[in-house]
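Visitor: next come a sequence and a model predicted from it.
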Amino acid sequence: MNSLEQLRQFSKVVADTGDFESILAYRPIDATTNPSLIYAAASQEKYRYLSEKAVAKAKQKTSDPYEQLQFCLDEMAVLFGIEILKIVPGRVSTEIDARLSFDTQASIVKARHLIDLYEEAGINRSRVLIKIASTWEGIKAAEILEKEGIHCNLTLLFSKIQAVACAEAGVTLISPFVGRILDWYLKEKKLSSIPVEEDPGVKSVTEIFNYYKRFGYSTEIMAASFRNIDQIIALAGCDLLTISPALLQELENSDRKVVCQLDPQKSAQLDFVRLPADEKSFRWYLNEDAMATEKLAEGIRRFKDDLIKLENFLKLHFFS
């Protein structure tokens, strides 16, 4: 078996892309999207029909230009999600506007709207994960949504305290970002590389995995944002791994041996001090973690910028 086939023995493989052909090629269980992936896909001529469909529906819905654009963005996210669900047997993650990351109520309203669009198209909400940034406000929004049967994927997660708060809130799934953690430490320590055995991103996910399994949380862990296949192989056994098409191909072309690195039974035997997950503790622990604080803020800005690129693309080609 190649490395990808071996990996599938231990973890569910998820495609981190909005490109349908890549998803078809690698047969993942689930798929994740975000504004940058949708923008990259929408910019290709072969997916123009989805943009045109979203625009037409938006113009039927309202005559107000601003409302048309906002509706079109939501409709595009859902249309891409629907096409992906025709390919994957599991779930698709659809992201809410990053500009709502500090607004609990607005996040809830947007999530409900996205789910309504999916259900109008005949998609059961159990097949959709709403992606929300792992701010305190985002986690509180997810806590309410989960009680309504709207399942959430808490993204931009860089620290143990974010993970603990998500688990205590009953979130379905978290996406800890391995590669962006590594990026921060390489820059901070002025290094060109760090051995995978010492990789801070790998260590972070491993610690979260062990903590979750030790205390019996049901929240799934989907490691994300990989820079190389070494990081992926080092996290074999994590509940899910969301991987870009380039790294999926590299794993498929590799015959490196993959062994299970994360074992729930071993995790259950470890000693951990249980962290409090109230708001004051969350904000304090996050504040004390410079990397997590900086990468969370940067991640929200980047997702916001990508959404604006998508807005500008639509304005230029469809709303001018």
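Guide: Happy to help now that I have it.
Visitor: helix, strand or coil: sort out the most far-flung residue of the chain relative to its centre for me.
Guide: In the chain, residue 63 marks the outermost C-alpha relative to the chain mean, sitting 33.0 Å out by CA atoms, centre = their mean. Per DSSP: H, G, I helix; E, B strand; the rest coil, the secondary structure class of residue 63 is coil.
Visitor: try the one 5 residues further on
Guide: With three-state DSSP as the basis, residue 68 sits in helix.
Visitor: for residue 85, see how far away the closest residue to it other than its chain neighbours is.
Guide: Distance criterion CB to CB, 6 or more residues apart in numbering; nearest residue to residue 68, sequence neighbours excluded, is residue 58 at 4.5 Å. C-betas here are computed from N, CA, C, even on glycine. Computed as CB to CB, to the nearest Å, the residue 58 to residue 85 distance reads 21 Å.
Visitor: and the strands in the chain?
Guide: Taking DSSP state E as the criterion, the chain contains strands spanning 12-16, 30-32, 92-95, 128-133, 152-157, 173-176, 220-223, 240-243.
Visitor: out of these, deepest packed?
Guide: strand 152-157 (a mean of 30; mean count of other CB atoms under 10 Å).
Visitor: tell me the strands beside that one, with direction?
Guide: Next to strand 152-157 in the sheet, as set by DSSP bridges, lie strand 128-133 (parallel), strand 173-176 (parallel).
Visitor: so for the shortest one, mean pLDDT?
Guide: Looking back up the chat, that one is strand 173-176. For strand 173-176, mean pLDDT rounds to 98.
Visitor: got it, and the first one?
Guide: Per-residue pLDDT over strand 128-133 has a mean of 98.
Visitor: same check on stretch 273-284?
Guide: 97.
Visitor: what's the span of that stretch, first residue to last?
Guide: End-to-end distance of stretch 273-284: 17 Å, with CA to CA, to the nearest Å as the criterion.
Visitor: offset the numbering so it begins at 419, please.
Guide: Will do, 419 is the new start, and the previous item becomes stretch 691-702.
Visitor: before we move on, back to that, tell me which of the strands of the chain lies nearest to residue 457.
Guide: In terms of CB to CB, the element of the strands of the chain nearest to residue 457 is strand 510-513, at 11.8 Å.
Visitor: list the contacts of that closest one.
Guide: Applying CB atoms under 8 Å, 6 or more residues apart in numbering, the contact partners of strand 510-513 are 448-453, 495-496, 499, 502-503, 532, 536, 545-550, 571, 573, 721.
Visitor: check stretch 474-490 too.
Guide: 472, 473, 493, 729, 732, 733, 736, 737.
Visitor: switch the cut-off to 7 Å
Guide: With CB atoms under 7 Å, 6 or more residues apart in numbering as the test, stretch 474-490 has contacts from 472, 473, 493, 729, 732, 733, 737.
Visitor: list the contacts for residue 581?
Guide: 575, 592, 594, 626.
Visitor: again, but for residue 587
Guide: By CB under 7 Å, 6+ apart, the residues touching residue 587 are 557, 560, 561.
Visitor: any idea which of the residues you listed has the most stuff around it?
Guide: With neighbours taken as other CB atoms under 10 Å, the top of the contacts of residue 587 is residue 560, carrying 31 neighbours.
Visitor: how about a markdown table for the strands paired with strand 570-575, with distance to residue 605 added?
Guide: Below are those laid out as a markdown table (distance: least, CB to CB, whole Å):
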| stretch | distance to residue 605 |
| --- | --- |
| strand 546-551 | 22 |
| strand 591-594 | 19 |
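Visitor: which of the ones you listed sits closest to residue 659?
Guide: Checking the strands paired with strand 570-575 against residue 659 by CB to CB gives strand 591-594 as the closest, at 10.4 Å.
Visitor: between residue 476 and residue 503, which is the more surrounded one?
Guide: A direct count of neighbours by other CB under 10 Å for residue 476 and residue 503 places residue 476 higher, at 23 against 20.
Visitor: what residues does the nearest residue to residue 548 once chain neighbours are set aside make contact with?
Guide: Of all residues not flanking residue 548 in the chain, residue 529 sits nearest, at 4.5 Å (CB to CB, 6+ apart). By CB under 7 Å, 6+ apart, residue 529 lies in contact with 514, 548, 563, 568.
Visitor: swap in 10 Å and give it another go.
Guide: Counting by CB atoms under 10 Å, 6 or more residues apart in numbering, residue 529 touches 512, 514, 518, 546, 548-550, 559-560, 562-563, 566, 568-570.
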